[in-house]
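> turn this into a model:
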Amino acid sequence: MRIQVPEALTASHVKWDGEAGRAWSAGLPALAERYLEEWELRLDGEPRHGVVSLVLPVVSADGVRAALKLQPVNDENVTEAPGLRTWAGDGSVLLLDADPETGTLLLERLEADRSLGSVPDVMEALEVLTGLLRRLVAHPAPEGMRRLGDIARGMLDDVDGALARLRRESDRQWLRRCAGAVAELVHEPGDRLLHWDLHYENVLSADREPWLAIDPKPLAGDPGFDLMPALHNRWDEAVATGDVPRAVLRRFDLMVDALGLDRRRTAGWTLGRALQNCLWDVQGGASELPEVQLAVAEALWARW
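The predicted structure is shown next:
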């Protein structure tokens, strides 16, 4: 059975990597067939994809339901297999096999159609997510992970260039405030194993446990740097409360209390995450800071 590469996945790779992305996408069927043969797998359903990866439901020779994840090796996912191996299924999807040369992973099969995003009550979903995060960051980061200290210093180096591109003085003021928080914390970056992208769609229903985290971008650092995705995702529900700062702080305080973190330090690293997101936008050509990141930063300033 020939693997069909979704057009949207090819378009995503072309958008980010041009002709190299198109070539990688064109090679996906052969890559999939290679691992189906080498790892003795058979297809067991329709393929799915994200922005970068193609995921094939498969069954192993001994009848284990699994997922074959195919993705190009890049800075974001090069630590995915070592991170999953460290967690060993403690709050995360299990890694069954991996080829670091190609970035190919064989993972425990989860329920792709049911994520935490489907739980109607955002605070109930947040409690589940925070419980998983507590387990994930209990693990010290292994050797070879990217380190928050290095990333934070890189962000601070980029601030002056971003300030020059911003049109509004209010945006420049908030960028400086976020950078000031990072500058105060950069010398104590932490050593926990962070997920770096733990939002509601990256938590799926499973057989082994009710919910498990997927698709990490593992990083060694302070757990406070891992809160932001849960604060700014499902944003419409924060807006619908009629009091965005209160809604943000409600989420933030729930996470801080459940994780047992220092409130001010965690606010500082969350401002650092806002800084990172804002810098990415400016480097992408924006001349104003993103509204949602500003709203989170303004709310969190009360905790800093």
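> show me what contacts the residue positioned nearest the centre of the chain?
The centroid of the chain falls nearest to Asp197 when counting by C-alpha atoms, centre = their mean (1.6 Å). By C-beta atoms under 8 Å, 6 or more residues apart in numbering, the residues touching Asp197 are Asp215, Pro216, Lys217, Pro229. No exception for glycine: its C-beta is placed from N, CA and C like everyone else's.
> how near is Gly27 to Glu19?
Distance, Gly27 to Glu19, by C-beta to C-beta, to the nearest Å: 13 Å.
> the two: which has the busier surroundings?
Gly27 (14 against 9; other C-beta atoms under 10 Å).
> follow-up on the earlier one: pLDDT and distance to Ala179 added to the contacts of Asp197, as a markdown table?
Listed next are the contacts of Asp197 as a markdown table, based on pLDDT from 0 to 100; distance: C-beta to C-beta, whole Å:
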| residue | pLDDT | distance to Ala179 |
| --- | --- | --- |
| Asp215 | 96 | 29 |
| Pro216 | 97 | 26 |
| Lys217 | 96 | 22 |
| Pro229 | 98 | 21 |
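> reformat those residues as CSV; add secondary structure, distance to Ala181 and neighbour count.
Listed next are the contacts of Asp197 as CSV, based on DSSP: H, G, I helix; E, B strand; the rest coil; distance: C-beta to C-beta, whole Å; neighbours: other C-beta atoms under 10 Å:
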residue, secondary structure, distance to Ala181, neighbour count
Asp215, coil, 27, 25
Pro216, coil, 25, 23
Lys217, coil, 22, 18
Pro229, helix, 18, 19
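> quick one: which of those is nearest to Arg167?
Nearest to Arg167 among these, counting by C-beta to C-beta, is Pro229 at 27.5 Å.
> Asp207: how many residues sit nearby?
11.
> where along this protein do the strands fall?
Assigned by DSSP state E, the chain shows strands spanning 41-43, 48-49, 54-60, 65-70, 95-99, 104-108, 111-115, 146-147, 192-194, 203-205, 211-213, 219-221.
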